[in-house]
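**Student:** sequence and predicted structure below; questions after.
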Amino acid sequence: MSTSNFWRHPRCANFLISLSFTVFFCPIVAFSKSEDVVFDVHEALTTDIRAQEIDAMLLKYFRLEEPGAVVIVSEYGAIIFRKAYGLASIETKLRLQPELTLRVGSITKQFTASAIMLLAEQGKLSVTDEIGKYFPKYPEHSRHVTIEHLLTHTSGIRNYTVMPQFGDLMTNDVTVDDGISFFWDVAPEFQPGQRFSYSNSNYFLLGAIIEKVSGEKYSDFMRQHIFLPLQMDDTVIEDADTPSSPVIGYTENRKNILSVAHYSMSWPFAAGALRTNVDDLVRWDLAIAAGALLKRESWDRMATDYTLNDHRRAGYGYGWFIRKIGGNTVLEHGGDIGGFSAHIWRSPQNGIFIAVLANNDAHKPEPDNIAEKIAKIILRH
């Protein structure tokens, strides 16, 4: 596995997601911002022509006896497509099922960003705070980077997952402090706010700030304050204590499909250690649409394209790539992490949400390319 591909950002030119079938309609119980999310699933067969087209297309790309993907599509909360393709494990022949959880890599970042916004709403931090406030010994070259620079990948702090030494370390557990010390002495690429450059180091630091401000372990904070209130009961931040999943991650070498060797999830941390399923991701989309968990202003700020020092747009908000398609805003993000590849896509104006979670990081076509095809089907009708 190439370390340059380790929970890397999505292939930015493409966006959208592959989905699943045995098509279902899913009524959603409404909820207010002050209430917990209630997600009551009643599956019923539908003859939605869009779902039939999506399934016919996806059947061309996934084989029964190989690793595959789980895909979901919803429209204003109604699930119009939900299906798993292929195997969760080649060795045991366990088939993928929509309810199984998979690693989603950098999709973690929008969840980390929401935790930052929650703490900001509580008055415990501000996105304009400089990181020197939380790391008093941080080198002078980056002490004046703000939390917002971290959120928007405009800090200039170099990406630790592409550093030459990283490949030798990624199988070993690391503490948060030692993880930061791995990259904090490295000279920055540019001055804060000068340009956009995707860096996992930004979100590693955000995870550390969440721990310092809340007094809680990052994984515990996310569960108690993000996942549980939204009834995302199957979603976790993986660490050494997390039970293993039956879904195995694979890659390909020429014509061979290979399981990916173990690596420590303490390195992805707040940049990429999320494991979830498609149903919980629909709950996440519903929370955003309804303004649950956070104030509407906070969700809107996360979805705002950041303005650089020279007034150009970064193409990124807080944990989301931001694009325009036919005049409509599209928020999307991918995630690749050894053996797994994922992509989510949402169009707030159309109420459309698409997610594909795959357990093969080398599958062709890739999740974002498949998603683009699916989006065209959805938007054509």
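**Tutor:** Now that the structure is in, tell me what you want to look at.

**Student:** my read: residue 69 touches residue 358, true?
**Tutor:** Yes: Residue 69 is within contact range of residue 358, at 3.9 Å (criterion: Cβ atoms under 8 Å). To be clear about C-beta, it is placed using only N, CA and C from the backbone, and glycine gets the same treatment.

**Student:** ok, and for the top strand by length along the chain, which residues are buried?
**Tutor:** Ranked by residue count and defined by DSSP state E, the top strand of the chain is strand 328-337. The neighbour-count check on strand 328-337 (16 or more other Cβ atoms under 10 Å) flags 329-337 as buried.

**Student:** C-alpha coordinates for it, PDB please?
**Tutor:** Only the C-alpha atoms of strand 328-337 are listed here, as PDB (Å, rounded to 0.1, in the frame of the first residue of the first chain):
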ATOM      1  CA  ASN A 328     -26.600  24.100  -7.300                       C
ATOM      2  CA  THR A 329     -24.100  23.700  -4.500                       C
ATOM      3  CA  VAL A 330     -22.700  20.200  -4.000                       C
ATOM      4  CA  LEU A 331     -20.900  19.200  -0.900                       C
ATOM      5  CA  GLU A 332     -18.700  16.100  -1.200                       C
ATOM      6  CA  HIS A 333     -15.800  14.200   0.300                       C
ATOM      7  CA  GLY A 334     -14.000  11.000  -0.300                       C
ATOM      8  CA  GLY A 335     -11.800   8.800   1.900                       C
ATOM      9  CA  ASP A 336      -9.200   6.200   1.000                       C
ATOM     10  CA  ILE A 337      -7.600   4.200   3.800                       C
END
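
**Student:** and the gap between the residue nearest to the spatial centre of the chain and residue 232?
**Tutor:** By Cα atoms, centre = their mean, the chain has its centre lying nearest to residue 107, at 0.7 Å. Per Cβ to Cβ, to the nearest Å, residue 107 is found 13 Å from residue 232.

**Student:** same thing with residue 304?
**Tutor:** 24 Å.

**Student:** can you check residue 285 too?
**Tutor:** In terms of Cβ to Cβ, residue 285 sits 11 Å off from residue 232.

**Student:** repeat for residue 303
**Tutor:** 20 Å.

**Student:** next, give phi and psi for the residue lying farthest from the centre of the chain.
**Tutor:** Residue farthest from the centre of the chain, counting by Cα atoms, centre = their mean, is residue 140 at 31.1 Å. Taking degrees, to the nearest 10, you get phi -60, psi -30 for the backbone angles of residue 140.

**Student:** just the pLDDT for it.
**Tutor:** pLDDT, residue 140: 94.

**Student:** also residue 45?
**Tutor:** pLDDT, read off for residue 45, is 41.

**Student:** and if you look at residue 375?
**Tutor:** At residue 375, the predicted lDDT confidence score is 87.

**Student:** and it, which of the three is it?
**Tutor:** Assigned by DSSP: H, G, I helix; E, B strand; the rest coil, the conformation of residue 375 is helix.

**Student:** kindly report the same for residue 300.
**Tutor:** The assignment at residue 300 comes out as helix when based on three-state DSSP.

**Student:** okay, the residue farthest from the centre of the chain and residue 185: tell me how far apart.
**Tutor:** Remark: distance between residue 140 and residue 185 (Cβ to Cβ) = 11 Å.

**Student:** how about residue 236?
**Tutor:** Distance from residue 236 to residue 185, by Cβ to Cβ: 32 Å.

**Student:** these two - which one has more neighbours?
**Tutor:** Between residue 236 and residue 185, residue 236 has the larger neighbour count (other Cβ atoms under 10 Å), namely 20 against 10.

**Student:** so the more buried one bridges to which residues?
**Tutor:** Residue 236 forms beta bridges with residue 275, as assigned by DSSP bridges.

**Student:** was I right about it contacting residue 242?
**Tutor:** Yes: Residue 236 is within contact range of residue 242, at 5.6 Å (criterion: Cβ under 8 Å).

**Student:** between the two, what contacts are shared?
**Tutor:** 219, 275 (Cβ atoms under 8 Å, 6 or more residues apart in numbering).

**Student:** and residue 71, how many residues sit next to it?
**Tutor:** Neighbour count of residue 71, defined by other Cβ under 10 Å: 30.

**Student:** next one: residue 141
**Tutor:** Neighbours of residue 141 using other Cβ under 10 Å come to 15.

**Student:** ok but it is inside a helix, no?
**Tutor:** Yes: counting by three-state DSSP, residue 141 falls inside a helix.

**Student:** how about the contacts made by the closest residue to it other than its chain neighbours?
**Tutor:** Nearest-residue entry for residue 141: residue 188, 5.6 Å, with adjacent residues in sequence omitted and distances by Cβ to Cβ, 6 or more residues apart in numbering. Residue 188 sits next to 141-142, 155-158 when contact means Cβ under 8 Å, 6+ apart.

**Student:** could you check how far residue 188 is from residue 292?
**Tutor:** With Cβ to Cβ as the criterion, residue 188 and residue 292 are 37 Å apart.

**Student:** please identify which helix or strand holds residue 203.
**Tutor:** Here residue 203, judged by DSSP states H and E, is contained in helix 200-214.

**Student:** next SSE downstream of that helix?
**Tutor:** helix 218-222.

**Student:** buried set for the helix or strand hosting residue 181?
**Tutor:** Following DSSP H and E, one finds residue 181 within helix 176-183. Buried residues in helix 176-183, counted by 16+ other Cβ under 10 Å: 176, 179-180, 182-183.
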